[in-house]
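> attaching a predicted model along with its sequence, questions to come.
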Protein chains: 2
Amino acid sequence: MSSPQDEAPGEGNFGVDFVVKYKVPAAERAEAEAGFVQLIEALTAIGLATEVRHGDQESLLVLVKIASADLFAQQVYRARLQDWLHGVRASAPDKDATQALQSEPVTEAERLRLIYLMMTKPKNEGGAGISPSNTKWKHVDAVFPLHNHAFNKAWIKKWSSKYLVDQEDLDVIRDKFGENVAFYFAFLGAYFRFLVVPSALGLGAWLLLGRFSTLYALLCGLWSVIFFEYWKKKEVDLAVQWGVRGVSSIQQSRPEFEWEHETEDAVTGEPVKVYPPLKRVQTQLLQIPFTFACVVALGSLIVTCNSLEVFINEVYNGPGKQYLGFLPTIFLVLGTPTISALLMSAAEKLTAMENYATVDAHDAALIQKQFVLNFMTSYMAPLFTAFVYIPFGHILIPFLEFWRATAQAISFSEKPLPTRKFQINPARITNQMFYFTVTAQIVNFATEVIVPYIKQQAMSKAKEFKTKEKKTYDHEEEAEFLDRVRNECELESYDVSGDYREMVMQFGYLSLFSVAWPLAACCFLVNNWVELRSDALKIAINSRRPIPWRTDSIGPWLTALGFLSWLGSITSAAIVYLCSRSHDGNDGVASQITGWGLLLSILLAEHFYLAAQMAARFILSKLDSPGLQKERKERYATKKKLLGENLGQDVVATPATTSAEKITREALEEEARQTSTRGHGTPEETFWQRQRGEQDTIEVGRRMIEQQAANRADAKKAPSPSKKA
Amino acid sequence: MSSPQDEAPGEGNFGVDFVVKYKVPAAERAEAEAGFVQLIEALTAIGLATEVRHGDQESLLVLVKIASADLFAQQVYRARLQDWLHGVRASAPDKDATQALQSEPVTEAERLRLIYLMMTKPKNEGGAGISPSNTKWKHVDAVFPLHNHAFNKAWIKKWSSKYLVDQEDLDVIRDKFGENVAFYFAFLGAYFRFLVVPSALGLGAWLLLGRFSTLYALLCGLWSVIFFEYWKKKEVDLAVQWGVRGVSSIQQSRPEFEWEHETEDAVTGEPVKVYPPLKRVQTQLLQIPFTFACVVALGSLIVTCNSLEVFINEVYNGPGKQYLGFLPTIFLVLGTPTISALLMSAAEKLTAMENYATVDAHDAALIQKQFVLNFMTSYMAPLFTAFVYIPFGHILIPFLEFWRATAQAISFSEKPLPTRKFQINPARITNQMFYFTVTAQIVNFATEVIVPYIKQQAMSKAKEFKTKEKKTYDHEEEAEFLDRVRNECELESYDVSGDYREMVMQFGYLSLFSVAWPLAACCFLVNNWVELRSDALKIAINSRRPIPWRTDSIGPWLTALGFLSWLGSITSAAIVYLCSRSHDGNDGVASQITGWGLLLSILLAEHFYLAAQMAARFILSKLDSPGLQKERKERYATKKKLLGENLGQDVVATPATTSAEKITREALEEEARQTSTRGHGTPEETFWQRQRGEQDTIEVGRRMIEQQAANRADAKKAPSPSKKA
């Protein structure tokens, strides 16, 4: 292994790998000081070197690096062997540890991940057991690696000047930020590239076919199937290429996990902590009322606000209409986050109660619940418009009447409110889609990148101003570096699941509703070009450097994508059927809508979807993926090498047929000799010695053929008299 | 390896492994004789011992066994190594070949399979290249192993006296007849056991709910989902237990395969023969017109005969009704096999044109086409009754009118035919189901077991009579054995796919139509108890011993099962909806039937099916299967062993934390020493040497904490004046 300096994250970081922000609250000074001593001792004990510097007024910064390169090299080698043992790596690392590290150098991501694991693993597994969630380490505020600023600058510069993200870019991200982040960018890149197809389709449909086109719906459904199946395959391929396939099965355990008993792992024989799965299932059943609560709470809010909005915009015709129009939006903007936050905290409690053993399982369960929430907040309004307002607008009349009565009551006026006749506005769904695809994405970009940037700049300026007053204790040559470290301390930690959520929800709009506004994909295409870069900016500038976790998939989001793609086949068909038929219904009831027509469109669309899925799976299964091929090749090569080492090449090669005959003859002669010395032999031996060797058999066979011919000749003569008789 | 005698198939067989029936037609005597010499030479060359005996009047029997046990042991060992290389075996065989064969003895099936492969493999792969399909060996009529009569007798006896087939029975069959046959019995056994559930459900439904019960349809659909998913899992498990998982990927190549170019296998680097897949797809597209032809030809035959039957049984009321009733059946009995045979030969030609590289792929493609045929002949009649006759009987009236007119014309009589008013008979589907579940199964049993047995007895008696006249050339002690061999020569070779077909079609009746006659499952339960034994009898008595091929699945039948299970969810729902509503419609039109009602039942039923499938898959994926667990354990153990051998145990064990500190301190001291000797050092070195070692850091940290406290104290004093200001 080369010296740690070469692999340290950035030259400007003085070789610092990790920073521990240690709080020293004035009130708990003595306790914090004792804890600090323990912290330094614990870090030194696992082979880390430490330096301490001032943080802000109430914290210290403990800077950490690997003390001994050799010791760390051992750690790396051991980790790789464990990977191989658990089937994550296809080939075992070289027998010679030094050789192994040279042929496959340690990446920044691997280095940081292993150091983090050393710091956080429990003591009995060889770590220091430092985890902010542990009460013993309650003053440890954060443990994070330092950004590699030189790399980040180059990265942002490179990406802002090229169109597409290629494999090489992904590999670089993987080396710096780990597979967890790299998978997000890989997904986003693939999705961006695939979006070109529905964009073109959408543009064509918009120009030639208008909204609610069956052809567009079918092609878009087909596209979503192909994209989904492609990504499933691509994901496996990437995991293999990055050597992380199956890594989700050996993911880190959750410190909060409460186990009931211990058993032995059936495969590895290692002890495993177990929580009875049936007990967990019982808790999981609570997800049903939870989902129900989400649907009722958010659904009724959205339906209420929507019907109010319909009333104000399309029925009410009195004074202040332009201001009142904002009322439902204000209700929504205030109500949704409140209810969401309530439900979200319920989801978190529920997930904690489900008591998962690994961080991954826990996160997946939480994301699943969040998805229900997101689904409601994102899609409920267009679903309401598409399936209630446009086709069956007349059933809204009692609602509208209710609003009218309420408004009448509020206005305290005796004369009736100025209203006009309610008329369905089929453009409503298009307007909604426009809002979700354009307005919301721009707002999102602002809140995600611009606002945090401004906030951070302002805060650091304020801090600078504040600390300028004080005397600084930093050494001159470190001052700039330590400023940077203190800055990074202030940043939010990066959570990739938020970015995934955004993309998956976007995919959902495309799959579920784009038939109502085919230009959606074009907007998403533009948005995602920016998104790809703004997410890079977010990681590089607005967040702490993430722990480079490994992963072999986009995890629970894959299920969500599949679900949205399937649901899209149904909603698209239904929207096409319901909305394209309701244009001419003037009484608010589209009379041409029949139950069997709707059901038939859904039935056909869904079967088209399922058939396309089967076809796509079949075809993709026939194509060999480079990653899997590489893996198989490696496994084969490993085995062949082992064979060669242990057995010599000759056994594997095809048999030498020429020698077989000789051996056979020798064997036969030997056998014959043995039998004759033993005397008469068993019936079996007698049987096989009637014809000794090849020549005997051939001779006897020839005689038999002759005999049969003779028999036939006899038979020809013989039967003739019997025939006469 | 023990001596070959111990493993020879049956003591009564004189250690004979294989019999080659060699034809010597009178007209081609010289050619056949030359071929015979070549045959013996070829067999000897690959290490087989031969004896020749008289066959019937125009053939010789070449009896074959392994000449050298050592040479064969090498073959076995090499084959097992190849299996491991290709990933079929989880663990490599022991390094020491003798040890490997002792710890895992060669079964009869393995022995016979390897000998057969030796005989049939092309010469460049070390075999003799003897294949009946090769023109060079056109006089080789058959190559088959001899039955182990002692085993067969014990087997039949054992099975006739026990209820269920257990794992041990399957293992025995696998050892004697190979995985191909064992998988069939495993499937049949599992299916038989699972049938208990729908039998109970059906009986209950029959007694309490009557026909067309929604509850029964749902439960039966659920059952079929669970059975299908269970079997998919069980299949993998069995394959792992029998060490054949993935064996389908290295199956034997088809001698008739025509390749266009050769490439290198991407994984193993071995040369592979390639036929362009796109060309094959082009040929495969012909399956569409083929399917169309099947549907039209068989469909129109069945619909014609069915409507004729309806006419005769339910409309015609004239003389000879009881005889005329047989007319459509006669047409069907004559027409179906004729058309089927035509289509079947088309299917065979089509499959040959598709030019598959392996026997398995070829067989699967053929079975797929046969399945279309079988589907039509088996299910068309009940489908017609359930979806046309019962709900929409009135649309048959033109047909019936046509038959009336035809009959009138044929009768040459002026007075109108005596007819009665057409009335739909809802019991028709039940009658049909009764026919398929009871009558047809009994007829089938007779044709499958009893008829061949009688035929064979008669034929061998006739032969005996014929040959009694002639002088026999057999040695006295061999006479009985050779009679047996000649008998086995006359038998049909066993084809497991016929048996699979029977069971899969039966599953189809259950899944598609049992809602019309819930007792179906009970009949199948009884039938399959007999079937299990009669199939054993068929193999043991009525067929030549099959070549013990390996396989890791029931192959294309799995797809067929899945398809029937899915289709069943739709047909059951539709039958329930259509037939339960048509009872009271007296005019032949069931007026309560609505399009949306039908579509809704189908939609709900299918989604119930899909949801149940997802749930079953999810739950089954959580359960670990013993086979897979065993495999993983073996792989893990192999790796661990390799590690231990190559690296020593210490690397795998958890790190010794106690030594880490010492190393760290030493490393730090060493580093410090180096820097001091080198002089000033880089900025990084300076940075990390500000605090030398643990104690320094702790000391400095403490001072900083104190300083911060002092700052706070200062700050408390300081800001107060500014507040005042």
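Received the coordinates, thanks. Quantities reported herein were computed from a predicted structural model and do not represent experimental measurements. Residues are numbered from 1 along each chain as shown, chains lettered A, B, ... in the order given.

> for the closest residue to chain B within the stretch 301-450 of chain A, helix, strand, or coil?
As assessed by Cβ to the nearest Cβ, chain B sits closest to A:A361 within the stretch 301-450 of chain A, at 12.0 Å. Placement of C-beta: from N, CA and C, glycine included. Of the three states, A:A361 takes helix under DSSP: H, G, I helix; E, B strand; the rest coil.

> for it, give me its contacts.
A:R254 (Cβ atoms under 8 Å, 6 or more residues apart in numbering or on different chains).

> swap the cut-off to 10 Å and go again
By Cβ atoms under 10 Å, 6 or more residues apart in numbering or on different chains, the residues touching A:A361 are A:S248, A:Q251, A:S253, A:R254, A:F257, A:R280, A:T351, A:E354, A:N355, A:P556.

> out of the residues you listed, which is most surrounded?
The residue in the contacts of A:A361 with the most neighbours, by other Cβ atoms under 10 Å in any protein chain shown, is A:T351 (23 neighbours).

> do the helix or strand containing it and chain B meet at all?
Using DSSP states H and E, A:T351 sits in helix A:326-354. No. Using Cβ under 10 Å from any Cβ of the partner chain, we find that helix A:326-354 stays clear of chain B, coming within 14.5 Å at best.

> which other helices and strands contact that helix?
Under the contact definition 3 or more Cβ pairs under 10 Å, 6 or more residues apart in numbering or on different chains; DSSP states H and E, helix A:326-354 sits against helix A:277-284, helix A:287-310, helix A:359-384.

> list the buried residues of it.
Within helix A:326-354, the residues that qualify as buried are A:328, A:331-332, A:335-336, A:339-340, A:343-344, A:346-347, A:350-351, A:354, counting by 16 or more other Cβ atoms under 10 Å in any protein chain shown.

> still on that earlier bit, what's the closest of the contacts of A:A361 to chain B?
Proximity of the contacts of A:A361 to chain B (Cβ to the nearest Cβ) peaks at A:R280, which lies at 10.8 Å.

> what residues does that closest one make contact with?
A:M353, A:E354, A:N355, A:Y356, A:A357, A:A361, A:A365.

> could you find the closest non-adjacent residue to the second one?
Meaning A:E354. Excluding the flanking residues, the one nearest A:E354 by Cβ to Cβ, 6 or more residues apart in numbering or on different chains is A:T283, at 4.9 Å.

> ditto for A:E258
Closest to A:E258 by Cβ to Cβ, 6+ apart is A:N355, at 5.7 Å.

> I figured the one you found hits A:V281, correct?
No. Counting by Cβ atoms under 10 Å, A:N355 stays clear of A:V281, with 11.7 Å between them.

> thinking again about what came up before, in CSV: the buried residues of helix A:326-354, plus pLDDT.
Listed next are the buried residues of helix A:326-354 as CSV, based on pLDDT from 0 to 100:
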residue, pLDDT
A:P328, 84
A:F331, 87
A:L332, 85
A:G335, 88
A:T336, 88
A:I339, 91
A:S340, 90
A:L343, 93
A:M344, 92
A:A346, 93
A:A347, 93
A:L350, 93
A:T351, 93
A:E354, 91
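
> using the three-state scheme, assign the most centrally placed residue in chain A.
Central residue of chain A (Cα atoms, centre = their mean): A:I554, 0.8 Å from the mean position. Following three-state DSSP, the label given to A:I554 is coil.

> which residues in the stretch 151-300 of chain A form strands?
Under the criterion DSSP state E, counting those that start in this stretch, strands of the stretch 151-300 of chain A are mapped to A:261-264, A:271-274.

> so which of the ones you listed is the most surrounded?
Each of the strands of the stretch 151-300 of chain A was scored by mean neighbour count; the highest is strand A:271-274, a mean of 12, by mean count of other Cβ atoms under 10 Å in any protein chain shown.

> which residue does the stretch 101-250 of chain A bring closest to chain B?
The stretch 101-250 of chain A approaches chain B most closely through A:G126 (4.5 Å), counting by Cβ to the nearest Cβ.

> count the residues that sit near that residue.
By other Cβ under 10 Å, the residues close to A:G126 number 19.

> how close does A:C579 sit to A:A521?
In this view, A:C579 and A:A521 are 19 Å apart by Cβ to Cβ, to the nearest Å.

> quick one: which of these two has more around it?
When neighbours are counted by other Cβ under 10 Å, A:C579 and A:A521 differ, and A:A521 comes out ahead with 27 against 24.

> so the more buried one sits in a helix?
Yes. Assessed by three-state DSSP, A:A521 belongs to a helix.

> isn't A:E235 right up against A:Y184?
No. In this structure, A:E235 is not within contact of A:Y184 by Cβ under 10 Å, at 11.7 Å.

> can you check which residues contact both of the two?
A:I554.

> okay, now the unreliable bits of the stretch 301-450 of chain A?
The stretch 301-450 of chain A contains residues with pLDDT under 70 at A:412-414.

> 80 - rerun?
A:313-322, A:325, A:390-400, A:403-404, A:407-427, A:448-449 (pLDDT under 80).

> who's in contact with A:L603?
By Cβ under 10 Å, 6+ apart, the contact set of A:L603 is A:I570, A:A573, A:W596, B:I570, B:L599, B:L600, B:I602, B:L603, B:E606.

> following the worst-scoring helix or strand of chain A on mean pLDDT, which helix or strand comes up?
Counting by mean pLDDT, DSSP states H and E, chain A has its least confident helix or strand at helix A:4-7, which shows a mean of 40. Downstream of helix A:4-7, the first helix or strand assigned by DSSP H and E is strand A:18-23.

> which strands or helices does that following strand pack on?
So strand A:18-23, by 3+ Cβ pairs under 10 Å, 6+ apart, packs with helix A:29-45, strand A:48-54, strand A:59-66, helix A:108-120, strand A:140-145, helix A:476-490.

> which parts of the stretch 451-600 of chain A sit against chain B?
Residues of the stretch 451-600 of chain A lying near chain B by Cβ under 10 Å from any Cβ: A:469-471, A:473, A:475, A:477-478, A:481, A:566, A:570, A:594-600.

> of those residues, which belong to strands?
Per DSSP state E, strands hold no members of these.

> is it true that the residue nearest to A:E354 touches A:M353?
Yes. Between A:T283 and A:M353 there is a contact under Cβ under 10 Å: 5.1 Å.

> find the residues that touch each one of those two.
Here A:T283 and A:M353 share no contacting residue, scored by Cβ under 10 Å, 6+ apart.

> distance check, the residue nearest to A:E354 against B:F618.
On the measure of Cβ to Cβ, A:T283 and B:F618 end up 17 Å apart.

> go on, A:Y473?
Distance from A:Y473 to B:F618, by Cβ to Cβ: 59 Å.

> what do you get for A:A34?
Separation of A:A34 from B:F618 (Cβ to Cβ) stands at 49 Å.

> repeat that for A:L201.
From A:L201 to B:F618 the distance is 34 Å (Cβ to Cβ).

> for those two, work out which one has more neighbours and name it.
With neighbours defined as other Cβ under 10 Å, A:L201 and B:F618 compare such that A:L201 has more, 21 against 10.

> pLDDT score for the more buried one?
Listed pLDDT for A:L201 reads 94.

> quick one, what contacts the closest residue to it other than its chain neighbours?
Nearest non-adjacent residue to A:L201, counting by Cβ to Cβ, 6+ apart: A:L219, 5.3 Å away. Counting by Cβ under 10 Å, 6+ apart, A:L219 touches A:V197, A:P198, A:A200, A:L201, A:G202, A:G204, A:A205, A:S213.
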